[in-house]
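> structure here, sequence nowhere to be found:
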């Protein structure tokens with residue numbers, strides 16, 4: 001089975017040796033996104049809500065580039081540096097996801113790239 005690399009110019013370019021997403025068959029594996037606004041190059045961290053909103057926007061751009069959207073997400077992984085932010089992150093996340101909700105885990109980690117507070121990756125159908 002072939003794999004196709006998916007990159008959106010609306011989301012930030014990878015900051016390491018990886019791609020934004022890889023399509024294999026009818027599955028799309030989207031790399032973890034952080035809150036970089038590609039238009040300005042700035043990291044959005046004024047609040048955890050604004051940061052999460054930018055992460056979700058970046059994910060949406062990549063999903064759209066591949067011909068998918070949040071309704072086709074089957075799995076999400078959320079990495080946060082402070083579990084006390086869980087409810088606020090979940091509130092923003094819920095604006096983008098609808099029932100039936102995808103499978104998901106949320107994990108508290110000690111540090112994330114560029115010292116962000118949240119990183120989210122997804123697996124979606126195409």
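Sure, I can see it. As the structure is a prediction and not an experimental result, all values here were calculated from the model. Numbering: from 1, shown residues only.

> all the helices of the chain, in order from the start?
48-65, 86-96 (DSSP state H).

> quick one, which of those is nearest to residue 37?
helix 48-65 (6.0 Å; CB to CB). The C-beta positions use only the backbone N, C-alpha and C, and glycine is treated the same way.

> ok, back up a step: and the helices of the chain, which is most packed in?
helix 48-65 (a mean of 21; mean count of other CB atoms under 10 Å).

> can you add distance to residue 107 and give the helices of the chain back as CSV?
Shown next, in CSV, are these (distance: least, CB to CB, whole Å):
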stretch, distance to residue 107
helix 48-65, 15
helix 86-96, 11
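
> tabulate those (a markdown table), appending mean pLDDT and distance to residue 119.
Shown next, in a markdown table, are these (pLDDT from 0 to 100; distance: least, CB to CB, whole Å):
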| stretch | mean pLDDT | distance to residue 119 |
| --- | --- | --- |
| helix 48-65 | 98 | 7 |
| helix 86-96 | 98 | 11 |
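
> indicate which one of these is closest to residue 40.
The nearest among those, by CB to CB, is helix 48-65 at 10.6 Å.
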